[in-house]
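K.L.:
Build me a model:
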Amino acid sequence: MSDTPIPSAPPAPPSHSPGREQFWRDMFAAFAASDLSVRAFCRERGLHEKRFYTWRKNLGLSPADRSGPPAETPARGFVPVRVVADAMAKVVLPGGVTLRVPIAAEGDGGPRGPERNGAKA
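P.N.:
Purely as a prediction, here's the structure:
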C-alpha cells in the first residue's frame, strides 16, 4: 500500500444552485404561458414530470402553496334573517273545542304533532 492519497471525485454542484433555480423559474413561466398540461409540457421539453412538481413545490409556486381564499369566496358579513314563530295547526271540533298543534318542519328531527310538546297522542 502506498501513502499516496486517493483522489476524490469533484464535489457535485448543489442541487439548488442559482443557475438551476433560474432554469426552473423560466420553465414555470413558459408553462404558465402555454395551454399544455404538465405532462404534455414536460414531454415536449424533455423534462421529468416528477422533477417539475418537486421544483414547483420547492419554489413555492404550487397551487396548494398559494394562501388566501379563492376569488369567488364572498365577503363575510351579516345576512338577513327572518325569525318566524313555530307553525301551528288549528282544528276546531264540532263541540267547540279548539286544538292547536305545532307542526315540525321537514327534516328538523323533532317529533311531529302533539308529541313535540310532551303530550301523547
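K.L.:
any idea how far Leu61 lies from Asp86?
P.N.:
55 Å (CB to CB, to the nearest Å). Just so you know, the C-beta spots here come from the backbone N, C-alpha and C atoms, and that holds for glycine as well.
K.L.:
same question, Met27
P.N.:
64 Å.
K.L.:
Neighbour count: those two, which is higher?
P.N.:
Met27 (18 against 11; other CB atoms under 10 Å).
K.L.:
mind listing the strands for the chain?
P.N.:
Counting by DSSP state E, one finds strands in the chain at the ranges 88-92, 98-102.
K.L.:
Export those as TSV, with columns for distance to Arg82 and mean pLDDT.
P.N.:
What follows is the strands of the chain, written out as TSV (distance: least, CB to CB, whole Å; pLDDT from 0 to 100):
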stretch	distance to Arg82	mean pLDDT
strand 88-92	18	82
strand 98-102	19	82
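K.L.:
Pick the most deeply packed of those strands.
P.N.:
Among the strands of the chain, ranked by average contacts under mean count of other CB atoms under 10 Å, first place goes to strand 98-102 (a mean of 12).
K.L.:
now that one against strand 88-92, angle please.
P.N.:
Taking axes from the mean of the first three to the mean of the last three CA atoms, to 10 degrees, strand 98-102 and strand 88-92 form an angle of 160 degrees between their directions.
K.L.:
who does strand 98-102 pair up with?
P.N.:
For strand 98-102, the paired strands and their directions (DSSP bridges) are strand 88-92 (antiparallel).
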